[in-house]
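# here's a sequence, model it:
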Amino acid sequence: MSVLIDELEARKNDYILVADVINVLGNATNSVPDEVVKYLDAHNIDDHMPLLYMDESYTFEEYNGHILGLGNDANITYYQKADVMAFEPIIKHGIFKEGSNDFLNPYQKNIDDDYLTLDEVMANLNNRAGLSCGYDKIRDLARKKKITPCFYFSGFVCPLFKGPLGELYISNSTNSNSKFKMMTGYFTYRLLVEQISNQDDYLTVPSCEVGNEIRIHRLLERQDDTNINYSNGLALFESKPQPFDDHKNNRSKFSCIGFDEIRFSKQELDSYIASLDTVYVGYKPTAQDSELLTKLETAQAENSDLNARLFTARNTYKQDKNEIKELKAQLEKVNIEKANLIEQLNKAKADLADKSADDKELAPNSQAKVTHMLYAILKEHRYDLSSPKGKGVANDQIVAASRSHKSPVTRNFVANWLERVHQLDIDLKK
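Numbering: from 1, shown residues only. The predicted structure is shown next:
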């Protein structure tokens, strides 16, 4: 990592993840995360300590939300460290005091720049060691234990116990609850090696699998110096498990990682590349080897280009897959809206078909001509046109006349036309 990025990363030292505050307070008070959140909300933490998030330019901005309902966003939101150390409902439990070890923010003490992604390992092997390298080659090196795949984790761990038949299990007794400790570091398991070339988006982390136990690869931070035996492997939890509560504990298990979260120790990789350099030290190509060396350099350049294109294609595939998923969701939404509109249109057509001829709307120009004709007839026979809503004496007279001539019309139908005639009468008198 460059000096400039180091400087930007250092900005995080003045902040602490909300998830870390919840976990440390829960551990100190033997409380589950939900209880910690309710406790902090009851003490109006949102009024005293603003929630923050870090944007792509390493600037901390105010987060639009509250601690209640924060959910997984607790892992990407922060509090200012000074605010935490001044908030009495937290520090009265003896945590987050000046000089204490409670700030287990993974950005503070881990050295993530010493761990490389798969593509960074591939680039190092291609450019520094001159190897024609892809994911399969990296897997083969890991099988030979030249390099070790691992993943980063910060949370609670507990040792696995071995049963009488050799099976592994997590004890749920009250006594073993003291063995759940907060730990930060890099972890691995045997079959992670075989998943390198699968390129699945997500990898399932094993749980109590004999021969495929989770092991510590490099420990960066731990809660205390208690000597707990992890020889049978360990289990990972995102929040502190509770005694005799398998349902909650299963939900808080750390169960999967992204394919792009696989990491390799840069120190291991450097040692392997150095061993290759030792093999060829002192070798000086002769003139007759120059053609072969030129071909080798050309092949290496082509290989690097192909790997770069493979990397781009893989990222494009993942992006296209996400876009296809989003477009499918949009199409489904449009189809639902289309079906609703068709249903509304069919209903409107049915309603229109059910209407009598008297109820059907005339075109605007036809309405105007009919209104003028009725106005002339009604004025000639001295009908009262003063009622603005068409519900007066004239309405009663016209309805009665229609019935007597066996061509009945409704009061509402007559009122509609009388209302138009009334408005025409007003307009003509202006």
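
# contact partners of the helix or strand harbouring A123?
Following DSSP states H and E, one finds A123 within helix 118-128. Outside of helix 118-128, the residues within contact range by Cβ atoms under 8 Å, 6 or more residues apart in numbering are 116, 131-135, 137-138, 147, 196, 260, 262, 264, 269, 273, 300, 303-304, 307, 311. Where you see a C-beta, it was placed from the backbone N, CA and C, and this is true even at glycine.

# how far off centre is that helix?
30 Å (Cα atoms, centre = their mean, to the nearest Å).

# pull out the buried residues from it.
Residues of helix 118-128 classed as buried by neighbour count (16 or more other Cβ atoms under 10 Å): L118, D119, V121, M122, A123, N124, L125, N126.

# restricting to C-alpha, output that helix in PDB.
Extracted in PDB, the C-alpha atoms of helix 118-128 (Å, rounded to 0.1, in the frame of the first residue of the first chain):
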ATOM      1  CA  LEU A 118      -5.800 -13.900  -5.900                       C
ATOM      2  CA  ASP A 119      -5.300 -11.500  -8.800                       C
ATOM      3  CA  GLU A 120      -2.500  -9.700  -7.000                       C
ATOM      4  CA  VAL A 121      -0.800 -13.100  -6.400                       C
ATOM      5  CA  MET A 122      -1.200 -14.000 -10.100                       C
ATOM      6  CA  ALA A 123       0.300 -10.700 -11.200                       C
ATOM      7  CA  ASN A 124       3.300 -11.100  -8.800                       C
ATOM      8  CA  LEU A 125       4.000 -14.600 -10.100                       C
ATOM      9  CA  ASN A 126       3.700 -13.500 -13.700                       C
ATOM     10  CA  ASN A 127       5.700 -10.400 -13.500                       C
ATOM     11  CA  ARG A 128       8.300 -11.200 -10.800                       C
END
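
# quick one: average confidence on it?
Mean pLDDT, taken over the full extent of helix 118-128, equals 89.

# ranges for the strands of the chain?
15-17, 52-54, 60-62, 77-80, 115-116, 149-159, 161-162, 168-169, 181-188, 202-204, 215-222, 234-237, 256-258, 263-265 (DSSP state E).

# the ones you listed: which one's closest to S387?
S387 lies closest, by Cβ to Cβ, to one member of the strands of the chain: strand 60-62, at 62.4 Å.

# what strands line up against the closest one, and which way round?
strand 52-54 (antiparallel) (DSSP bridges).

# how far is the partner strand from where the chain is centred?
16 Å.

# what pLDDT, on average, does it get?
On average, strand 52-54 scores 86.

# kindly report the same for stretch 82-93.
Stretch 82-93 comes out at a mean pLDDT of 88.

# contact partners of that stretch?
By Cβ under 8 Å, 6+ apart, stretch 82-93 touches 14, 16, 21, 25, 28-29, 39-40, 43, 45, 48-49, 96-98.

# just how off-centre is that stretch within its chain?
The mean C-alpha position of stretch 82-93 is separated from the chain mean by 30 Å, Cα atoms, centre = their mean.

# what's the span of that stretch from first residue to last?
Criterion Cα to Cα, to the nearest Å; first-to-last residue distance in stretch 82-93 is 17 Å.

# cool, and stretch 155-168?
21 Å.

# give me the mean pLDDT for it.
87.

# in it, what counts as buried?
G155, F156, V157, C158, P159, L160, F161, L168.

# chain center to it, what's the gap?
On Cα atoms, centre = their mean, the centre of stretch 155-168 falls 32 Å from the chain's centre.
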